[in-house]
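Chemist: pasting a predicted model and its sequence here:
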2 protein chains.
Amino acid sequence: MPYMSIGEVADKAGIAASAIRFYERQGVLPAAQRVHGRRHYQADVLEHIRIVQMAQAVGFSIEEIRLLLHDFPAGTPPSLRWQRFAGQKLTEIDALLRRANAIKQILQQGLQCQCATFTECLAIVDAAEPPASEP
Amino acid sequence: MPYMSIGEVADKAGIAASAIRFYERQGVLPAAQRVHGRRHYQADVLEHIRIVQMAQAVGFSIEEIRLLLHDFPAGTPPSLRWQRFAGQKLTEIDALLRRANAIKQILQQGLQCQCATFTECLAIVDAAEPPASEP
DNA sequence: CTAACACTTAAACTTTGGTTTAAGTCAAGG
DNA sequence: CCTTGACTTAAACCAAAGTTTAAGTGTTAG
């Protein structure tokens, strides 16, 4: 087979065909060649999908992935595109880690709390640094 | 003033009046007394709102907060209610921390990457343990 | 009297990452 | 010829935590 249908790609990539159509609509997968209206894919689409999934896994939104892939002069190497976002993502992740650790401390105190009223709990939690809010 | 309007409460709590109505609809704030159809609040509602916000800040959903506040025999102390959920939340937070740390490592490698193609990047990231996906 | 303003409700809208559905097209098999 | 199965599209739907809007009520100021 010189090409794959969207169903085959979906199976091999382990995602739903609807997700592939969605990625195409959002511009994070190139529009597939159509043959009689159906999408026909080459093997390299699987790698493209893996790149999208990897970027998602490290916290990029679909919109950011679109920018990462297309919003640079043609030929810009991944290293440069990547670095355009990685610094900010790292800042976000660090903030997340700080919040999560603060929350963890509060939860651990909560597990041992003997308060008779929620108001008492509030005082305890307030003493343990305000963790701001979940994003 | 022996009571506050929803606008005053919103200002003092630093949230929108619409959020207060939403909390009431969701059952995490008790239904306010109505006078001529308008909500009239006592000062203690501010503390109640703070409890809701604190629970949100440690990762409880509105639904969970409703359970935390109401789904126990009357008089159950906060310590017991709290402990009913804190263990599971801690597990969730620990998973979040592990994922966030994995992502951070990948991002740090990304900051130094000199890859000429995204495919090369993929190989590097794959080598650095799959971080699953963001929740 | 009238305008401005704060409030009321139900219902619709927002965002994100898709999924589901409706209605239609196409090729292969029997 | 007819059915089946995989595909196409646009549009509607999902969750969460609210916000916004429409249409109406009540109070106060001028």
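Modeler: That came through, no problem.
Chemist: from residue B:55, how far out is the nearest residue to residue A:101 once chain neighbours are set aside?
Modeler: Closest residue to residue A:101 apart from its sequence neighbours, by Cβ to Cβ, 6 or more residues apart in numbering or on different chains: residue B:97 at 7.1 Å. In this view, the C-beta of every residue, glycine as well, is placed from N, C-alpha and C. Counting by Cβ to Cβ, to the nearest Å, the gap from residue B:97 to residue B:55 is 20 Å.
Chemist: and residue A:20, how many neighbours does it have?
Modeler: Look at residue A:20: counted by other Cβ atoms under 10 Å in any protein chain shown, it has 22 neighbours.
Chemist: and residue A:66, by the same measure?
Modeler: Neighbours of residue A:66 using other Cβ under 10 Å come to 16.
Chemist: check contacts around the closest residue to it other than its chain neighbours.
Modeler: Nearest non-adjacent residue to residue A:66, counting by Cβ to Cβ, 6+ apart: residue A:27, 4.8 Å away. Counting by Cβ atoms under 8 Å, 6 or more residues apart in numbering or on different chains, residue A:27 makes contact with A:66, A:69, A:70.
Chemist: now do 10 Å
Modeler: By Cβ atoms under 10 Å, 6 or more residues apart in numbering or on different chains, residue A:27 lies in contact with A:62, A:63, A:65, A:66, A:67, A:69, A:70.
Chemist: who's in contact with the fourth one?
Modeler: What it means is residue A:66. Here residue A:66 is in contact with A:23, A:26, A:27, A:28, A:52, A:60 (criterion: Cβ under 10 Å, 6+ apart).
Chemist: thinking residue A:10 is in contact with residue A:16, fair?
Modeler: Yes. Residue A:10 lies in contact with residue A:16 (Cβ atoms under 10 Å); the separation is 5.9 Å.
Chemist: for residue A:74, give its distance to residue A:81.
Modeler: Distance of residue A:74 to residue A:81, given as Cβ to Cβ: 12 Å.
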